[in-house]
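**Q** Here is my input, please return the structure:
(one chain, ligands or ions: 2)
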Amino acid sequence: MKPCLICSREVEPFISFGRMPIANGFLSADDFPGEYYFELQAGFCDRCKMVQLTELVDRERMFHDNYPFFSSTSTRMAMHFESFAHEVISRRIGGDDPFVVEIGSNDGIMLRHFVQSGIRHLGIEPSANVAAAAQDKGIRTICRFFDAELAEEIVAEHGQADAFLGANVMCHIPYLHSVLEGIEILLKPSGYVLFEDPYLADIITKTAYDQIYDEHALYFSLASVQYLFSRHGMEVVDVQPQNVHGGSMRYIIARRGAHPVTAAVRFLVEKEQAQGLDRRETFADFRIRVERSRDELLLLLRQIQKEGKGVAGYAATSKSTTVLNYCGITPDLLPYISDTTPLKQGRFSPGMHIPIRPYEEFKNHFPDYALLFGWNHAEEIMAKEEAFMAGGGKWILYVPEVYVQ
Ligand code: DWN
Ligand code: SAH
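**A** Ligands and ions are numbered 1, 2, ... in the order given. The predicted model follows:
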């Protein structure tokens, strides 16, 4: 048993996906022999209620100068971050010369709106290639991992921040206490922290097990976030569910007593208890549903193969690495995955070594079936793929269950 990343109590594992490669470790054939693996296993801490990985991958193996995820590839997400930025600008900052810091700012998908509004901003993004994409757009970005030490340096140079932002990044940081110490240093007394991540209740109820992969070290509920921030003199003052990435939660946090706590926080605390997010049995039940999902997906792909129909993967997401390796989906069952990211094209998927092909391959030769690894972008993708569907093409989905549409 491993000590909890948040409170040091022993964590009880509830699911193992077995030997797993790096989710975003798309590779060339020369690299197959040296491919890195770890055991992908998630556990639950009964004291602080944090769901977490029990074996961690070194951060430099995941976030480096060749990180292949560029946030701006989804137009729906671009709109989402425009509205996130406007929530901050209209409701959370003010005064003469506000200053906003975002960690995990990637290619600047959110910060560009602060640039446009002439607001003092700073992005903290350790993956050099995506940081450079932001810098090229005139977005002030430091290429470092955020922690308490960096927070001191930022305050010395720019002063304290009015808002500290993060989207899909806090759950990537197992050393969160250092980040929270940094926030204590960086945030003005009346400042706000706003961050959002895939929400544990959505992952569990939708059997969205593919959200579990190396980069996601933590899986937040309101209860676990409250515990974490309370240890640093802060509290959750509001929560706002977000209809992105399959169901996310935005947490709005302030120093204890600085701002009133909304009724939404109290309601969600009760709802989580009713859903059993604070109990082990909930996770044991999740494991059973995950195993069933795996068996059904494999069965379906084998049937399609037997019928001699063509199938392709759609979007080589990080999440797909868990599905492919856990289910054992080999290139004979899935000959290729189409993806719009040039850095992934011409390479192979981690572990199962399925070729990643440019989107044009899909567009020019529709398969009979498309296995939608980008299910979280289903609305955007299906709207774009009307011709595929009009020609009789069918989608294979596995969240919240395995089905053909
Ligand atoms: O937390 C994370 C989230 C925010 O983004 C990171 N750890 C990594 C990443 O996860 P992901 O790879 O599962 O993200 P997405 O946004 O579900 O998938 C992005 C991939 O999908 C890209 O490779 C581009 C591809 N894609 C595509 O080929 N066609 C995406 C769309 C919308 C499309 O139409
Ligand atoms: N916010 C973007 C990107 C999410 S991907 C979005 O929602 O689309 C996660 C990002 O966090 C990656 O770009 C990664 O390089 C970055 N990251 C990982 N650890 C970090 C840390 N300690 N500090 C700041 N950024 C970090």
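**Q** Show me what stretch 258-269 is in contact with.
**A** Taking CB atoms under 8 Å, 6 or more residues apart in numbering as the criterion, the residues outside stretch 258-269 that touch it are 189-190, 192, 222-223, 226, 235-240. The C-beta positions use only the backbone N, C-alpha and C, and glycine is treated the same way.
**Q** again, but for stretch 289-296
**A** Contacts to stretch 289-296, defined as CB under 8 Å, 6+ apart, come from residues 15, 207, 209, 326-327, 398, 401-402.
**Q** still on that earlier bit, which one of the contacts of stretch 258-269 is nearest Q273?
**A** Each of these was checked against Q273 using CB to CB; the closest is A223, at 8.1 Å.
**Q** Give the ChimeraX command for selecting the buried subset of the contacts of stretch 258-269.
**A** The following ChimeraX selection, which keeps only the buried ones among the contacts of stretch 258-269, applies the criterion 16 or more other CB atoms under 10 Å:
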select :192,222,223,226,235,236,237,238,239
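**Q** interface residues of this structure facing ligand 2?
**A** Counting by CB under 6 Å from any ligand atom, the residues of the chain close to ligand 2 are 63, 67, 69, 71, 103-104, 106, 109, 124-127, 130, 145-146, 167-169, 172-173.
**Q** How about the stretch 101-250 of the chain: which residue is closest to ligand 1?
**A** Using CB to the nearest ligand atom, the point where the stretch 101-250 of the chain gets nearest to ligand 1 is N168, with a distance of 3.6 Å.
**Q** so what's the closest residue in space to that residue that isn't next to it in sequence bridging to?
**A** Setting aside the residues directly before and after it, N168 is nearest to D197 in space (CB to CB, 6 or more residues apart in numbering), at 5.9 Å. Judged by DSSP bridges, the bridge partners of D197 are M249.
**Q** Contact partners for D197?
**A** When contacts are counted by CB under 8 Å, 6+ apart, D197 touches 167-171, 218, 220, 248-249.
**Q** Burial check on E270, number of neighbours?
**A** When counting by other CB atoms under 10 Å, one arrives at 9 neighbours for E270.
**Q** Using the three-state scheme, assign it.
**A** For E270, the secondary-structure state derived from DSSP: H, G, I helix; E, B strand; the rest coil is helix.
**Q** tell me the pLDDT at it?
**A** The score at E270 is 98. That number is its pLDDT.
**Q** before we move on, what about G310?
**A** 97.
**Q** And T322, by the same measure?
**A** On the pLDDT scale, T322 is placed at 99.
**Q** Now do the contacts for it.
**A** Contact partners of T322, counting by CB under 8 Å, 6+ apart, are 17, 20, 23, 40, 209-210, 212-213.
**Q** Now the buried members of those residues.
**A** Burial by neighbour count, 16+ other CB under 10 Å: within the contacts of T322 this picks out 17, 20, 23, 40, 209-210, 212-213.
**Q** Kindly report the residues of the stretch 51-200 of the chain close to ligand 1.
**A** Listed as neighbours of ligand 1 in the stretch 51-200 of the chain under the rule CB under 6 Å from any ligand atom: 69, 73-74, 168.
**Q** rerun that using 8 Å as the cut-off
**A** Where proximity means CB under 8 Å from any ligand atom, the interface of the stretch 51-200 of the chain facing ligand 1 comprises 68-71, 73-77, 167-169, 171-172, 197-198.
**Q** that older thread, now list the buried members of the contacts of stretch 289-296.
**A** Buried positions within those, assessed by neighbour count (16+ other CB under 10 Å), are 15, 207, 209, 326-327, 398, 402.
**Q** low pLDDT regions in the stretch 101-250 of the chain?
**A** The stretch 101-250 of the chain contains no residues with pLDDT under 70.
**Q** can you pull out the helices in it?
**A** Per DSSP state H, counting those that start in this stretch, the stretch 101-250 of the chain carries helices over the ranges 111-116, 128-136, 148-158, 176-186, 200-205, 222-230.
**Q** Fine by me, thanks again.
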